[in-house]
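J.: Give me a model of this one.
(one chain, ligands or ions: 1)
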Amino acid sequence: MEEVPMAKDPVIALKDVSVEFKNKNKVVQAVHNVTLEVDRGDVFGIVGYSGAGKSTLIRTINLLQKPTSGEVIVNGQQITKISAKELRKSREKIGMIFQHFNLMNSLNVVDNVILSLGHSSLSKREKCQRATELLHLVGLSGKEKVYPRQLSGGQKQRVAIARALANNPEILLSDESTSALDPQTTASILTLLKRLNRELGLTIVLITHQLEVAEDICNRIAVINDGELVEQAESYQILLNPQHQITRDLFEDTFFSSDNLLKITPTEQIRLKTLYRLSYDSSENDNSSLFDWLRDQFEIRTKIIYTDSVAVQNHVIIKAVVEFSKELYQHILNELEIRHVNIKKVELS
Ligand SMILES: Nc1ncnc2c1ncn2[C@@H]1O[C@H](COP(=O)(O)OP(=O)(O)OP(=O)(O)O)[C@@H](O)[C@H]1O
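T.: Predicted coordinates:
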């Protein structure tokens with residue numbers, strides 16, 4: 001039976017959003033005409049170089065940053081047009097976590113979470129019970145009376161996540177929430193975020209400069225550069241076949257890094273005139289059938305210089321640098337493209 005595509009259900013829509021900062025005589029265009037949609041249940045990553053406008057952009061979603069122009073629509077409501085009271089209500093449905101946790105050091109863990117329940121109609125006892133349940137949800141049972149300074153970075157971020165979830169938000173905004181954490185703690189926070197996304201149906205929008213974070217957790221990635229949205233796609237597509245040079249610089253070149261290419265010695269460089277980088281989805285191609293096909297059809301032999309794989313969503317993307325026994329003619333490159341193999345000649349400088 002033919003699969004029916006799932007209906008899209010955008011929970012966030014930004015339309016032509018721009019943010020300008022005016023400093024003395026200078027105008028900084030931090031975000032420029034960004035239009036994007038985040039579907040319910042997405043883990044949506046926004047990546048880009050430092051200063052690209054990521055923080056400014058994510059902060060427009062809960063109007064911590066008011067756009068200079070454009071529309072911000074959350075759950076069908078244009079929040080740029082609503083009263084302060086309505087905005088407060090709408091913001092309760094949008095939790096946010098930050099790089100430096102933003103906890104109150106003078107309050108213990110449970111009181112930090114209770115602080116977010118200020119506007120709720122719950123009794124004091126019920127608030128305490130709710131906060132305790134949230135701390136259990138994020139794996140911090142038993143730490144209720146502890147103060148933030150007595151916690152590790154990962155534990156502080158868990159408190160911040162519990163606090164962000166206090167009002168049962170539908171959306172969680174994450175502004176570099178793992179940037180201050182070591183790789184192991186980062187992995188445990190990402191596991192927690194994935195579980196919350198799955199179990200609570202929480203839509204997550206995260207900005208990160210850690211590309212491995214975006215690869216690990218996001219189903220969709222948007223790339224911004226100089227305030228402009230340059231590319232957005234399913235995460236595996238971004239890895240498999242990046243369209244924009246900035247995306248290639250960000251994602252491909254971390255894998256095909258000069259470190260890896262420098263492993264090839266200068267004498268080999270002279271010989272290696274037919275070095276190519278390939279990337280492909282392992283469910284569509286596998287090494288041996290691809291290289292057997294090149295040999296059988298075109299008498300081209302392949303020597304794999306190095307290869308690696310990265311699992312994104314349900315796809316395993318293979319990336320490889322190979323040496324072919326001869327240069328590939330355009331018609332072979334075209335055939336590879338038809339087979340969804342992304343191929344590029346390596347220029348050794
Ligand atoms: N309040 C402000 N006043 C003036 N300029 C600002 C302000 N906030 C940000 N900018 C400028 O806007 C641009 C985008 O900044 P932003 O912090 O959004 O980028 P970013 O991609 O999050 O960077 P990073 O990864 O380094 O945090 C930068 O040029 C920055 O200097």
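J.: Please list the residues of the protein that sit near the ligand.
T.: 21, 23, 28, 30, 48, 50-56, 209 (CB under 6 Å from any ligand atom). Placement of C-beta: from N, CA and C, glycine included.
J.: Now do the contacts for the residue in the stretch 151-300 of the chain that the ligand sits nearest to.
T.: Distances from the stretch 151-300 of the chain to the ligand, computed as CB to the nearest ligand atom, single out residue 209 as the nearest residue at 5.3 Å. Each residue near residue 209 by CB atoms under 8 Å, 6 or more residues apart in numbering is listed here: 47, 48, 49, 50, 54, 176, 179.
J.: Of the residues you listed, which qualify as buried by neighbour count?
T.: Listed as buried from the contacts of residue 209 are 47, 48, 54, 176; burial here means 16 or more other CB atoms under 10 Å.
J.: Downstream of the helix ranked longest in the chain, the next helix or strand is which one?
T.: Longest among the helix segments of the chain by residue count, using DSSP state H, is helix 183-200. Sequence order places strand 203-208 as the next helix or strand after helix 183-200, per DSSP states H and E.
J.: could you say what helices and strands that following strand packs with?
T.: Based on contacts counted as 3 or more CB pairs under 8 Å, 6 or more residues apart in numbering; DSSP states H and E, the elements that strand 203-208 packs against are strand 10-23, strand 26-39, strand 43-47, helix 54-60, strand 171-175, helix 183-200, helix 211-217.
J.: Can you give the strand pairings for that strand, parallel or anti for each?
T.: In the sheet, strand 203-208 lines up against strand 43-47 (parallel), strand 171-175 (parallel) (DSSP bridges).
J.: domain ranges for this structure?
T.: Taking the TED database as the criterion, the chain consists of the domains 12-102+153-239, 256-345.
J.: mean confidence for the last one?
T.: Translated: domain 256-345. Per-residue confidence for domain 256-345 averages out to 81 on the pLDDT scale.
J.: that older thread, okay, the strands paired with strand 203-208, which one's buried deepest?
T.: Between the strands paired with strand 203-208, strand 43-47 has the highest mean count of neighbours, a mean of 27, where neighbours are mean count of other CB atoms under 10 Å.
J.: measure residue 72 to residue 289 for me?
T.: According to CB to CB, to the nearest Å, residue 72 and residue 289 sit 48 Å apart.
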